[in-house]
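S.K.: predicted model and sequence below, questions to follow.
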Amino acid sequence: MPNLLAFAETRAGAIRKAGFEAVTAARACADASGGGEVHALLVGAPGIAAKADSLGEHGANVVIVTEHPAFERYNPEATAALVADRIRSGGYRVAVFSSTAQGRDLAPRVAAILDAAIVTDVIAMAIEQNDIVVTHPVDTGKLIATWAIGGSPAIIAMRPGAVLLAPSARAVRVERAEPVGDPAAVRVVTTELRMGDGATMDLGDAPVIVSGGRGLKSAENFRLVEELAAAFGNAAVGATRAVTDDGWRPHSDQIGQTGRLVSPDLYVAVGISGAIQHLAGMRTSKTIVAINKDREAPIFKVADYGIVGDVFDVVPALTAAVRAARAASA
Amino acid sequence: MKIAVCIKRVPVMDQRLPIAASGIAIDESGLKFDVNDFDLWAVEAGLQLKEKLGQGEVVIVSLGSDAVQEQIRKALSMGADRGIHLKAAAVPPDARVVARALADELKPGGFDLILFGRVAVDVSNGATGAMVAQLLGLPCVTAVSKLEIKDGRGRAQRELEGAQEMVEFPLPAVLTIDEGLNRERLPSLKGIMAAKKKPLEVKPVTLGESRITVRRLQPPPERAAGRIIGEGSAAVPELVRLLQTEAKVL
């Protein structure tokens, strides 16, 4: 019954949904292999320890908390040193991270310190005798690889949204761990975190993503997408590469082969034709809705529900209907 | 400024990728290959830094079979100065093996900057750059979308989900380049001719043992065939009903 470590990713003093997902994934993996313990590692500025209990609700047995003012923003070097030290001293079989921008930065550093094998963007994992077996989309999601990782520890980063958050409440033991060295004496320093406008959710966390393409015709018309996202109330706004290349939206909004890879519960594609580059980033969404005037657009091949029509006609009607549906059920 | 750019040969993604009879690899016969998208932006970043400073050297490094020389030549035709081909017959998907081979080559090179693409679109693991930095004991910034180098220090912007981070670091350093920093230049005819005469050193390497074994390669589960439920705003009530009762997402 091996124990697993889960890194509980935070941003601006709060645990991210992807951080809870890492704990959930570790819990499920431990339960399926005889019920080892899940230890969550929570790193932040003084005060972060108040969030420890919420990790117990998702299945952590132990929460190891490290607080230091230099962990207020993401501190890659000091965090990597700390996490590697905990994995080594705890003898964990697997360390689970989130395949977010932060997790994809942190996990390889930790793997290199430990000379461990690493797989990011994992959508499923299991312990099988001496191997950790992971499923990982390759070639922009055109193929799915199953890899067996030998040796210990294995470093895994789970794709956000690949794990369904499930309550698995237990009382947590909170332990404290000191930083390794001085977290303020690092070379790479995050001087500023610029958050989005806050009106809509983050692409990595949102259960619903409303995404726009060239069919919107101009940057100004993106307000149709924003209004639909606001109507859902739990939605983030995404965009195609054509749109971010034209500067209608920032590059961080791009969903696709060279942008974000997302798996929301609902993906609404507005005026998006469905180029391979875009499908690579969203085809694993649970439900896909497409609105496009071209009946032959490839997006309709992957859409669970397609509406052929002018986005300027359909989207405002959908926004009003979603708003009404949510008001009725509230 | 001495800049190394590590590049990877990958299949062009805009084509069908058939699975080989072995079931654990794609059948590469007849496929088109190119430099990994993100790596082209890393090459472009290196060239722009050199041009801005008016001096320096951009060295292209690539690990793989003889075929990777085609991609090294492409980077040379864009304007890089010389290439190093680390020759190995087969490269496993274990990033620590790749990072070790690259780090061994880069360590004595005296580079001020070592650039990678953020992720290779084929293996999609995105771990090599940060691992090389760690092995070399160098500062590292990943997913760079804006970059400024001045007086031996750098400032970079990193793309997060719905946010950005501003990061400062000293040189020498390792950076992985995200989309948004630039668009790569096309090689000019003159560049292509010049690239043929640029030095390309071939160094056989022995790779460490991979801890990752490929068990299977499969197409993704088929989505149910797409379904068009109607036309125009008249179809909206039906869509909302399906989202509530069938998909249960509203």
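M.R.: Thanks, I have it.
S.K.: in CSV, list the C-alpha atoms belonging to the helix or strand hosting A:Ala324.
M.R.: Taking DSSP states H and E as the definition, A:Ala324 sits inside helix A:311-329. Taking C-alpha atoms only, helix A:311-329 is exported to CSV below (Å, rounded to 0.1, in the frame of the first residue of the first chain):
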residue,chain,number,x,y,z
VAL,A,311,-24.1,33.8,-34.6
PHE,A,312,-25.5,37.3,-34.4
ASP,A,313,-29.0,35.8,-34.5
VAL,A,314,-28.4,32.6,-32.4
VAL,A,315,-26.1,33.7,-29.7
PRO,A,316,-28.2,36.6,-28.2
ALA,A,317,-31.2,34.3,-28.2
LEU,A,318,-29.2,31.6,-26.4
THR,A,319,-27.9,34.1,-23.9
ALA,A,320,-31.4,35.1,-23.1
ALA,A,321,-32.6,31.5,-22.9
VAL,A,322,-29.7,30.5,-20.6
ARG,A,323,-30.3,33.4,-18.3
ALA,A,324,-34.0,32.6,-18.1
ALA,A,325,-33.3,28.9,-17.5
ARG,A,326,-30.9,29.7,-14.7
ALA,A,327,-33.4,32.2,-13.2
ALA,A,328,-36.1,29.6,-13.3
SER,A,329,-34.0,27.0,-11.5
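S.K.: buried residues in it?
M.R.: Neighbour-count burial for helix A:311-329, with 16 or more other Cβ atoms under 10 Å in any protein chain shown as criterion, is recorded at A:311, A:313-315, A:317-319, A:321-323, A:325. C-betas here are computed from N, CA, C, even on glycine.
S.K.: got it, and stretch A:145-160?
M.R.: Buried-residue list, stretch A:145-160, by 16+ other Cβ under 10 Å: A:145-149, A:151-160.
S.K.: starting at the chain centroid, how far to it?
M.R.: Distance of stretch A:145-160 from its chain centroid, counting by Cα atoms, centre = their mean, to the nearest Å, is 17 Å.
S.K.: ends of it, how far apart?
M.R.: End-to-end span of stretch A:145-160 (Cα to Cα, to the nearest Å): 18 Å.
S.K.: now check it, is it near chain B?
M.R.: Yes - counting by Cβ under 8 Å from any Cβ of the partner chain, chain B is contacted by stretch A:145-160 at A:145-151, A:160.
S.K.: so which of those comes closest to B:Met13?
M.R.: The nearest member of these to B:Met13, counting by Cβ to Cβ, is A:Ala145 at 15.1 Å.
S.K.: what is the subsequent helix or strand relative to the top helix by length along chain B?
M.R.: If you go by DSSP state H, chain B has its longest helix at helix B:37-53. Where DSSP H and E defines the elements, the next helix or strand beyond helix B:37-53 is strand B:57-64.
S.K.: do the longest strand along chain B and chain A meet?
M.R.: Assignment by DSSP state E gives strand B:140-150 as the longest strand of chain B. Yes - residues of strand B:140-150 are located near chain A by Cβ under 8 Å from any Cβ, namely B:140-143, B:145.
S.K.: tell me which other helices or strands that strand touches.
M.R.: Strand B:140-150 sits against helix A:101-114, helix B:128-136, strand B:153-160, strand B:163-170, strand B:173-177, with contacts defined as 3 or more Cβ pairs under 8 Å, 6 or more residues apart in numbering or on different chains; DSSP states H and E.
S.K.: so what does the longest one touch, helix or strand wise?
M.R.: Contact analysis of helix A:101-114 by 3+ Cβ pairs under 8 Å, 6+ apart lists helix A:76-90, strand A:94-98, strand A:117-122, strand A:154-158, helix B:95-106, helix B:128-136, strand B:140-150, strand B:153-160 as its packing neighbours.
S.K.: hmm, 6 Å instead?
M.R.: helix A:76-90, strand A:117-122, strand A:154-158, helix B:128-136 (3 or more Cβ pairs under 6 Å, 6 or more residues apart in numbering or on different chains; DSSP states H and E).
S.K.: list the buried residues of the longest one.
M.R.: Right, helix A:76-90. So, applying 16+ other Cβ under 10 Å, buried residues of helix A:76-90: A:76-87, A:90.
S.K.: as JSON lines, those with distance to B:Asn125 and pLDDT would be great.
M.R.: Converted to JSON lines, the buried residues of helix A:76-90 look like this (distance: Cβ to Cβ, whole Å; pLDDT from 0 to 100):
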{"residue": "A:Pro76", "distance to B:Asn125": "18", "pLDDT": "98"}
{"residue": "A:Glu77", "distance to B:Asn125": "21", "pLDDT": "98"}
{"residue": "A:Ala78", "distance to B:Asn125": "24", "pLDDT": "98"}
{"residue": "A:Thr79", "distance to B:Asn125": "20", "pLDDT": "98"}
{"residue": "A:Ala80", "distance to B:Asn125": "17", "pLDDT": "98"}
{"residue": "A:Ala81", "distance to B:Asn125": "22", "pLDDT": "98"}
{"residue": "A:Leu82", "distance to B:Asn125": "23", "pLDDT": "98"}
{"residue": "A:Val83", "distance to B:Asn125": "18", "pLDDT": "98"}
{"residue": "A:Ala84", "distance to B:Asn125": "19", "pLDDT": "98"}
{"residue": "A:Asp85", "distance to B:Asn125": "24", "pLDDT": "98"}
{"residue": "A:Arg86", "distance to B:Asn125": "23", "pLDDT": "98"}
{"residue": "A:Ile87", "distance to B:Asn125": "19", "pLDDT": "98"}
{"residue": "A:Gly90", "distance to B:Asn125": "25", "pLDDT": "96"}
